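K.L.:
turn this into a model:
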Amino acid sequence: MKYKDPKPDIQRIEEIVTGVIVGDIRLPKFQRPFVWKRKEVIKLLDSIYNGYPIGSILLWQSSEQLVSERNIAELIINVETDFYPTNYLLDGQQRVSSLCGTLFWDGKNSRSLWNVAFDLEKERFIYPKDEFKIEYFPLNKLLNTSDFISQCSAFEAHPKKEKFYKNAEKLLRSIKDYKIAVVKIGEMTINEVAPIFERINSTGRKLTIVDLMRAATWKGDFDLNDALEQIKRECQKRNYFEISDNHILRNISACAGLGINRENIDRLRSETSENLKLASEKCTSGYINAIEFLHNEIFLPTAAYLPYSLQLTFLVEFFNLQPRPSEGQILKLKQWFWKTSISRHFGTSNTGQNARDLELIRNFALLKIDEIPIEKEISIDRFVNDDFRLNLANSKTFALLLANRKPIDLIEGIIYESNTLLSSVDKNQFHYIIDKESNSKNSRSCVNILFSSRTETKELNFLQIVSDIKKAHSNNFLSILKSHFIDEKCIEHLENSDYDSFFNQRKQLIAEEIIDLTGTTKIRGEIDYDPYSTDNESDDSFE
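P.N.:
Numbers count the residues shown, from 1 in each chain. Sure, this is the predicted structure:
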């Protein structure tokens, strides 16, 4: 019978779990993964044993032949049957999976999440692991009658056999006969079901746009889960482990010719499976090329130090449209990256700005414009004077600036390997030049930070280090210092304990680097020099 109105029904647990095992109830692959831990599983079983309500489950009875999970709670599910319409589980996955897992555990791995027993003495559910006691009744011995009888026969010689028999029968009845409200909806299209799926919030976590699109983009031969995992695998091969599903979904939408805002992503539901697969393939290539760009041109080996996730979003779209850019485009793209990072262009982004930035990056990729305009000016004071904390975009940018300088080891006098710099977020790689507890107003700011991978320099006596460098590397000690934005004037100010002058001088050196990296002179702040003056030209002795 075809119907759309929800049809409530009452079913026993045994009916439901058996329906899953034989394939009558299926878990569609657009469902989010199982996330419950041991305490949630135990709490569910305890509620059932005590007769507490555990909520209803929602089934979608449909003739649509959707790909469903072949493995639920480590159990191989029969999904080869041709019985349609079939029941797709929309709400109740965590509860139903927990029941299937514990009641049908294969008994192989004692450390399994599904190895649950009932303590007949204390009347509570436990994880016995490798411990065996006669009063521990395994839940996977409940539903099969012969297994249940065989397990109970072990009590025969025990002095508390009457109590154990009584509690075993109580356990059997409480679980096998526990009734759950089952609500069925039917003969609706996936697009009609998607809004229902979106509103389900039985776990207390609002469904994300990714959760919704898993359902809404389901085309039978396109699986958004698989597409997301494929792209993440390619990113992880390149040490970019932190790419979220939301981030990737934005780029799949962009590669489909849409936008990156939520209302744009929602339009993916109307795309054909061919278009979705093509967009995912283009997105994969875009990520690979974008990460290679960040590795080779920005010296950013991991996404952990990426100042803004939107930077990667737009880089992926650029390489989607222009997989083989010219040297000129690469240069302009590098300048765009540094401008957006140092000016905090994406710090206050909104949907309107996202749409404008996407149009600009596309026009640049397609050679419709020569560069990507960024109107926001750079404030050198704000950039260098902010407190250094690695959970902030500004501090990540400053760390990236230090690494991009190709610093020379203060002890060994050799250039750090680029793939070792910033390979992981480690605050021990950064050190204060002047004691952070000093009275100087900038003692905790970025301008007081030095890169060093040597933990021996954690408590710096910087002037002593300078003296040691001069003795060990007399021919190039100035080059070593300059690689850390330190020059002779800086050293002179430190020797005179003139910290404010030291910070101002180092700020000027950093500003010169910013002008070079961004190709702009739109730098706002107190910078007492002319960037085009011959007084600021590179000194060959520093090279």
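
K.L.:
contacts, neighbours, all on C-alpha from now
P.N.:
Will do.

K.L.:
the helices in the stretch 351-500 of the chain, which residues?
P.N.:
Listed in chain order, the helices of the stretch 351-500 of the chain (DSSP state H, counting those that start in this stretch) span 351-365, 380-385, 393-404, 462-472, 477-482, 488-495, 499-518.

K.L.:
report the angle between the longest helix along the chain and helix 393-404.
P.N.:
Counting residues, the longest helix found in the chain (DSSP state H) is helix 273-297. If you take axes from the mean of the first three to the mean of the last three C-alpha atoms, to 10 degrees, helix 273-297 sits at 60 degrees to helix 393-404.

K.L.:
just checking, residue 137 touches residue 118?
P.N.:
Yes: assessed by C-alpha atoms under 8 Å, residue 137 is found in contact with residue 118 at 5.0 Å.

K.L.:
and those two? which has more neighbours close in?
P.N.:
Legend: neighbour count by other C-alpha atoms under 10 Å for residue 137 and residue 118, higher for residue 137 (25 against 22).

K.L.:
quick one: contacts for that one?
P.N.:
Applying C-alpha atoms under 8 Å, 6 or more residues apart in numbering, we find residue 137 in contact with 117-120, 151, 168.

K.L.:
in strands only, show me those residues.
P.N.:
Of the contacts of residue 137, the ones assigned to strands by DSSP state E are 117-119.

K.L.:
could you export those residues as TSV, including distance to residue 447?
P.N.:
TSV is the format used below for the ones in strands among the contacts of residue 137 (distance: C-alpha to C-alpha, whole Å):
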residue	distance to residue 447
117	60
118	61
119	62
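
K.L.:
tell me which of those is nearest to residue 291?
P.N.:
Among the ones in strands among the contacts of residue 137, residue 117 lies closest to residue 291 (C-alpha to C-alpha), at 48.5 Å.

K.L.:
just the pLDDT for that closest one.
P.N.:
Residue 117 carries a pLDDT value of 96.

K.L.:
same thing with residue 197?
P.N.:
Looking at residue 197, its pLDDT is 65.

K.L.:
one step back: next, the buried residues of the longest helix of the chain.
P.N.:
With burial defined by 16 or more other C-alpha atoms under 10 Å, the residues of helix 273-297 counted as buried are 273, 275-277, 279-295.

K.L.:
go on, stretch 108-124?
P.N.:
Residues 112-120, 123 are the ones in stretch 108-124 that count as buried (16+ other C-alpha under 10 Å).

K.L.:
look up the residues forming beta bridges with the residue nearest to residue 8 when sequence neighbours are not counted.
P.N.:
Counting by C-alpha to C-alpha, 6 or more residues apart in numbering, residue 8 lies nearest to residue 183, which is 4.4 Å off, once chain neighbours are set aside. For residue 183, the beta-bridge partners under DSSP bridges are residue 8, residue 58.

K.L.:
coming back round to it: from the contact counts, what lies against the longest helix of the chain?
P.N.:
If contacts are counted by 3 or more C-alpha pairs under 8 Å, 6 or more residues apart in numbering; DSSP states H and E, helix 273-297 sits against helix 224-237, helix 245-255, helix 309-321.

K.L.:
could you dump these into a markdown table and include mean pLDDT?
P.N.:
Compiled in a markdown table, the helices and strands packed on helix 273-297 are given as follows (pLDDT from 0 to 100):
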| stretch | mean pLDDT |
| --- | --- |
| helix 224-237 | 93 |
| helix 245-255 | 97 |
| helix 309-321 | 98 |
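
K.L.:
can you put those in CSV and add mean neighbour count and distance to residue 350?
P.N.:
Formatted as CSV, the helices and strands packed on helix 273-297 follow (neighbours: other C-alpha atoms under 10 Å; distance: least, C-alpha to C-alpha, whole Å):
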stretch, mean neighbour count, distance to residue 350
helix 224-237, 17, 25
helix 245-255, 23, 14
helix 309-321, 22, 11
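
K.L.:
may I see these arranged in CSV, with distance to residue 510 as well?
P.N.:
Below are the helices and strands packed on helix 273-297 laid out as CSV (distance: least, C-alpha to C-alpha, whole Å):
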stretch, distance to residue 510
helix 224-237, 32
helix 245-255, 32
helix 309-321, 22
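
K.L.:
out of the ones you listed, which gets nearest to residue 97?
P.N.:
Going by C-alpha to C-alpha, the one of the helices and strands packed on helix 273-297 nearest residue 97 is helix 224-237, 19.0 Å.

K.L.:
show me what that closest one is in contact with.
P.N.:
So helix 224-237 is contacted by 29-30, 213-214, 217-218, 241, 243, 245, 248-249, 277, 280, 283-284, 287-288, 291 (C-alpha under 8 Å, 6+ apart).

K.L.:
now stretch 268-279
P.N.:
With contacts defined as C-alpha under 8 Å, 6+ apart, stretch 268-279 is touched by 191, 213, 216-217, 219, 221-222, 227, 252-253, 255-256.

K.L.:
just the CA atoms of that stretch, as PDB, please.
P.N.:
Extracted C-alpha coordinates of stretch 268-279, given in PDB (Å, rounded to 0.1, in the frame of the first residue of the first chain):
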ATOM      1  CA  LEU A 268      23.200  20.100  -5.400                       C
ATOM      2  CA  ARG A 269      20.000  18.000  -4.800                       C
ATOM      3  CA  SER A 270      18.800  18.800  -8.300                       C
ATOM      4  CA  GLU A 271      22.100  17.700 -10.000                       C
ATOM      5  CA  THR A 272      22.300  14.400 -11.900                       C
ATOM      6  CA  SER A 273      24.500  11.600 -10.600                       C
ATOM      7  CA  GLU A 274      26.800  12.200 -13.600                       C
ATOM      8  CA  ASN A 275      27.300  15.800 -12.700                       C
ATOM      9  CA  LEU A 276      27.900  15.000  -9.000                       C
ATOM     10  CA  LYS A 277      30.500  12.400  -9.900                       C
ATOM     11  CA  LEU A 278      32.200  14.800 -12.300                       C
ATOM     12  CA  ALA A 279      32.200  17.600  -9.700                       C
END
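
K.L.:
average model confidence for it?
P.N.:
pLDDT averaged over stretch 268-279 gives 92.

K.L.:
just how off-centre is it within its chain?
P.N.:
Between the centre of stretch 268-279 and the centre of its host chain there is 24 Å, according to C-alpha atoms, centre = their mean, to the nearest Å.

K.L.:
likewise for stretch 112-126?
P.N.:
Put simply, stretch 112-126 sits 35 Å off its chain's centre (C-alpha atoms, centre = their mean).

K.L.:
also stretch 428-445?
P.N.:
Computed by C-alpha atoms, centre = their mean, the chain-centroid distance of stretch 428-445 equals 32 Å.

K.L.:
assumed residue 301 was part of a strand.
P.N.:
No: counting by DSSP: H, G, I helix; E, B strand; the rest coil, residue 301 is not found in a strand; it is coil.

K.L.:
my guess is it contacts residue 425, does it?
P.N.:
No: using C-alpha under 8 Å, residue 301 makes no contact with residue 425, being 11.0 Å away.

K.L.:
which of these two has more neighbours?
P.N.:
The residue with more neighbours, out of residue 301 and residue 425, is residue 301; 23 against 15, by other C-alpha under 10 Å.

K.L.:
distance check, the more buried one against residue 403.
P.N.:
Here the criterion is C-alpha to C-alpha, to the nearest Å. By it, residue 301 lies 11 Å from residue 403.

K.L.:
which neighbours do those two have in common?
P.N.:
Counting by C-alpha under 8 Å, 6+ apart, the shared contacts of residue 301 and residue 403 are 421-422.

K.L.:
so for residue 473, what's the pLDDT?
P.N.:
Residue 473 is assigned 83 on the pLDDT scale.

K.L.:
ugh, typo on my part, it should be residue 66
P.N.:
Reported pLDDT for residue 66: 63.

K.L.:
got it, and residue 61?
P.N.:
Reported pLDDT for residue 61: 84.

K.L.:
hmm, who's touching the helix or strand harbouring it?
P.N.:
Assigned by DSSP states H and E, residue 61 falls within strand 57-62. Defining contact as C-alpha under 8 Å, 6+ apart, one finds that strand 57-62 is touched by 84-92, 180-188.

K.L.:
which ChimeraX command selects the buried ones in the residues you listed?
P.N.:
Here is the ChimeraX command that selects the buried residues among the contacts of strand 57-62 (16+ other C-alpha under 10 Å):
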select :85,86,87,88,89,90,91,92,180,181,182,183,184,185,186,187,188
